[in-house]
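Novice: Okay, here's the prediction I keep looking at, along with the sequence it came from:
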Amino acid sequence: MTQIKVIVPKGLLFYPDKILRAVENSLDGASEGARIDFEATVDTWDSKPKFYIARSRLSRFIFTDNTIYSYVNDGTRPHIIQPKNPDGSLFFFGKGFRAKTRVMALRSNKGAKATKDPVKTQIVHHPGTEARKFDVAVEKKWSKQLKIILQRTLDAEFIRQIKTNP
């Protein structure tokens, strides 16, 4: 959980409803920005997961229910791949693959399918996939941004307050 410190202008201290509104608006803006960053990580994917924002008082949670995205974000452990077809063999290309995503990068590249050196085998000992940690990158970026957004929103609320009640 991200914790931030901001300065609440003295003129707002007796208006908790205005402070709450500023915080909620700041959270809405930052969470929408974070959702857009998550979408950027799948920009070049053929099947793009949807990202959602769950709202509660003083809290936002961005999530997807896409299993493949969680495999990419969290990585996979080494595992064995066995054939499912009747002849009991696996066929794949061994070289030429280039991943569309990178660790902690909030973007998606073109990538490339493996198209060289065909392989036919009975079993594959897959080494696993390195976690891309998109969630960590988004949290790191938006925890910094949220502090700035919240301070600006509180300052604007204070200016609005003194203009309406001089």
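Specialist: Arrived safely.

Novice: State the mean pLDDT of whatever helix or strand residue 120 lives in.
Specialist: Assigned by DSSP states H and E, residue 120 belongs to strand 116-121. Average pLDDT, strand 116-121: 87.

Novice: Could you list every helix and strand in contact with that strand?
Specialist: strand 90-95 (3 or more C-beta pairs under 8 Å, 6 or more residues apart in numbering; DSSP states H and E). Just so you know, the C-beta spots here come from the backbone N, C-alpha and C atoms, and that holds for glycine as well.

Novice: Buried ones in the strand it packs on, by neighbour count?
Specialist: Neighbour counts over strand 90-95 (16 or more other C-beta atoms under 10 Å) mark residue 90 as buried.

Novice: Nearest the geometric middle of this structure, what residue?
Specialist: Centroid-nearest residue in the chain, with C-alpha atoms, centre = their mean: residue 38, separated by 3.7 Å.

Novice: OK, contacts around the closest residue to that one other than its chain neighbours?
Specialist: Of all residues not flanking residue 38 in the chain, residue 51 sits nearest, at 4.6 Å (C-beta to C-beta, 6 or more residues apart in numbering). By C-beta atoms under 8 Å, 6 or more residues apart in numbering, the contact set of residue 51 is 35, 38-39, 62-64.

Novice: ok, now with 7 Å
Specialist: By C-beta atoms under 7 Å, 6 or more residues apart in numbering, the contact list for residue 51 reads 35, 38-39, 62, 64.

Novice: Also residue 68?
Specialist: By C-beta under 7 Å, 6+ apart, residue 68 has no neighbours at all.

Novice: SS state for it?
Specialist: helix (DSSP: H, G, I helix; E, B strand; the rest coil).

Novice: Now do it, the pLDDT please.
Specialist: So residue 68 comes in at 96 (pLDDT).

Novice: Repeat that for residue 2.
Specialist: 65.

Novice: Show me which positions of the lengthiest helix in the chain end up buried.
Specialist: If you go by DSSP state H, the chain has its longest helix at helix 134-164. Residues 134-135, 137-138, 141-142, 146-147, 149-151, 153-155, 157-158, 161 are the ones in helix 134-164 that count as buried (16+ other C-beta under 10 Å).
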